[in-house]
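In: Provided below are the primary sequence and the corresponding predicted coordinates.
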Amino acid sequence: MLNRIFRRSRDSGSGGTEEIVLPVVWLLGKTGAGKSSLVRALTEQTDAEIGNGFQPCTRSAHSYDFPPEQPLVRFLDTRGLGEAGYDPAEDLAACRDRSHVLLVVCRLDDPVQGMVADALSDIASEERRMRAILVLTGTDLVPDPDARERAERGISARMNRAAGKELSSVSLSLAPDESTDVVGLDALRRHLLEALPAAGLLLERSRASDAEQIEFQKHKRCVLSYAGVALTSDLAPVVGVVAVPATQLKMLHELGLRYGVKWDRKVGAAFLSTMGLSLGARYATNFGLRELAKLIPVYGQTVGAATAGAISFATTYALGRAAAYFLYRRAHGITASEEELRKVYQRAFRRSSDEAD
């Protein structure tokens, strides 16, 4: 499930108040494997921004929040892996407990990956359901196709054994002026979208093909921010009954301001009417059942809560996407049909949830 290990944490500097936990992408690999360069490529930030953005979170691990001005995802880098005299056990334990998807980063021109494999094996034994993706960097460093294929097979086989399963994998180049990395980077973004939609939606490259989609890209992070709040709010029993609808309503008002349409009772009624009563009724029923399920001892407060949070993330994102489409057309004097709005909502829900699980 999307947030099976999303947690709330205590902020010791704010008198014990709870804070929203960001989705965490953990980069595991040897020093020099290209982890920082991978973050740069995924976020399209500069080397200087990435280098200055990583902050210590354990003795040897560092974290980087993106976007810096309003973080929606956190990258975690276990530094020093493979260095002489460094015991990664403590850092690995700390990172494992706070991560949601693991990127195992290995350079194709470096066949010595024993410590990475050992670390992956330890992680897999503790977190059998941890999503992991193998990222093979340095395709430009092994120019011979046959040699590159052998390196890919060898490293993949070793990491698959360590993980106890076949990992999704991509090969790419992280050279600053290298154009051949696009296919691999796009494949990695797709894997991230499947493994952790909250991060994948943020990091995917825009494929906007019309004016409405281009306009939505300006407001996408706003919608993702509210979806993240809804996810965290819905992890506790009862709280979500009030918090999630309030979050969604606030999001709709802000989107109205962004699109130059005041979100009042009339606009809200027109939106719900266009969405269709059956869709609204089904959502209301499912939401009520989820909240009831969270009150069931043990099951309801673990699996039920995680499911509720995941669905609240997906429904909030889908609601925001549909509202953005509705508001764009309204601002341009065009009426959105129920069929159009349903398709926008349903596609957004599928992309922001992990129903395949």
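Out: Ah, there it is. Numbering: from 1, shown residues only.
In: ok, for residue 212, nearest residue in space, not its chain neighbours?
Out: Nearest residue to residue 212, sequence neighbours excluded (CB to CB, 6 or more residues apart in numbering): residue 328, at 4.8 Å. (C-beta placed from N, C-alpha, C; glycine too.)
In: actually residue 105, sorry about that
Out: Per CB to CB, 6+ apart, closest to residue 105 is residue 29, 3.4 Å.
In: tell me how far that neighbour lies from residue 167.
Out: Remark: distance between residue 29 and residue 167 (CB to CB, to the nearest Å) = 13 Å.
In: now do the shared contacts for those two.
Out: By CB atoms under 8 Å, 6 or more residues apart in numbering, residue 29 and residue 167 have these common neighbours: residue 104.
In: the two: who's more crowded?
Out: Neighbours were counted for residue 29 and for residue 167 using other CB atoms under 10 Å; residue 29 has more, 27 against 20.
In: which residues are in contact with that one?
Out: Counting by CB under 8 Å, 6+ apart, residue 29 makes contact with 35, 81, 103, 104, 105, 106, 116.
In: likewise residue 322?
Out: If you count contacts by CB under 8 Å, 6+ apart, residue 322 has them with 275, 341, 344, 345, 348.
In: out of the residues you listed, who's nearest residue 253?
Out: Checking the contacts of residue 322 against residue 253 by CB to CB gives residue 275 as the nearest, at 16.9 Å.
In: all strands for the chain, in order.
Out: 9-10, 18-19, 24-28, 55-56, 61-66, 73-78, 101-107, 131-137, 168-172 (DSSP state E).
In: chain center to the third one: distance?
Out: Okay, so that is strand 24-28. Computed by CA atoms, centre = their mean, to the nearest Å, the chain-centroid distance of strand 24-28 equals 11 Å.
In: pull out the buried positions in it.
Out: Neighbour-count burial for strand 24-28 flags 24, 25, 26, 27, 28 (criterion: 16 or more other CB atoms under 10 Å).
In: and the third one, what are its bridge partners?
Out: So the one you mean is residue 26. With DSSP bridges applied, residue 26 shows beta-bridge pairing to residue 76, residue 102.
In: does it touch residue 102 like I think?
Out: Yes. Residue 26 lies in contact with residue 102 (CB atoms under 8 Å); the separation is 4.9 Å.
In: circling back: can you list the contacts of residue 29 in CSV and add pLDDT?
Out: Converted to CSV, the contacts of residue 29 look like this (pLDDT from 0 to 100):
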residue, pLDDT
35, 91
81, 78
103, 96
104, 96
105, 96
106, 96
116, 93
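In: need the max-distance pair from those.
Out: Going by CB to CB, the pair spanning those furthest: 81 and 103, at 13.0 Å.
In: so what's the residue count around residue 44?
Out: The number of residues packed near residue 44 is 10, by other CB under 10 Å.
In: pLDDT below threshold where in this protein?
Out: 1-21, 84-85, 176-183, 234-242, 277-308, 354-357 (pLDDT under 70).
In: could you list the domains of it?
Out: Per automatic domain parsing, the structural domains of the chain span 9-203, 211-352.
In: flag every buried residue along stretch 140-154.
Out: 140, 141, 142, 148, 151, 152.
In: for residue 328, give its distance to residue 321.
Out: 11 Å.
In: now do the shared contacts for these two.
Out: Joint contacts of residue 328 and residue 321 (CB under 8 Å, 6+ apart) are residue 216.
In: hang on, the earlier thing: list the residues that contact the residue nearest to residue 212.
Out: Neighbours of residue 328 in contact, by CB under 8 Å, 6+ apart: 212, 215, 216, 259.
In: rerun that using 7 Å as the cut-off
Out: Shown in contact with residue 328 (CB atoms under 7 Å, 6 or more residues apart in numbering): 212, 215, 259.
In: residue 270 too?
Out: Contacts for residue 270 (CB under 7 Å, 6+ apart) come out as none.
In: gap between it and residue 326?
Out: For residue 270, the distance to residue 326 - CB to CB - is 8 Å.
In: now do the helices in the stretch 1-150 of the chain.
Out: Ranges of helices in the stretch 1-150 of the chain, per DSSP state H, counting those that start in this stretch, are 35-43, 47-53, 89-96, 114-126, 145-163.
In: among those helices, which is nearest residue 203?
Out: Of all the helices of the stretch 1-150 of the chain, helix 35-43 comes closest under CB to CB, at 5.1 Å.
In: any residues touching that closest one, and which ones?
Out: 27, 29, 47, 50-51, 64, 66, 75, 77, 105, 135, 137, 174, 185, 203.
In: for it, output the C-alpha coordinates as CSV.
Out: C-alpha atoms of helix 35-43 as CSV (Å, rounded to 0.1, in the frame of the first residue of the first chain):
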residue,chain,number,x,y,z
LYS,A,35,23.5,9.1,-5.9
SER,A,36,23.7,12.9,-5.7
SER,A,37,23.9,13.1,-9.5
LEU,A,38,20.8,10.9,-9.6
VAL,A,39,18.9,13.3,-7.3
ARG,A,40,20.0,16.2,-9.5
ALA,A,41,18.7,14.5,-12.6
LEU,A,42,15.4,13.5,-11.0
THR,A,43,14.7,17.0,-9.5
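In: what angle sits between that helix and strand 168-172?
Out: Counting by axes from the mean of the first three to the mean of the last three CA atoms, to 10 degrees, helix 35-43 lies at 90 degrees to strand 168-172.
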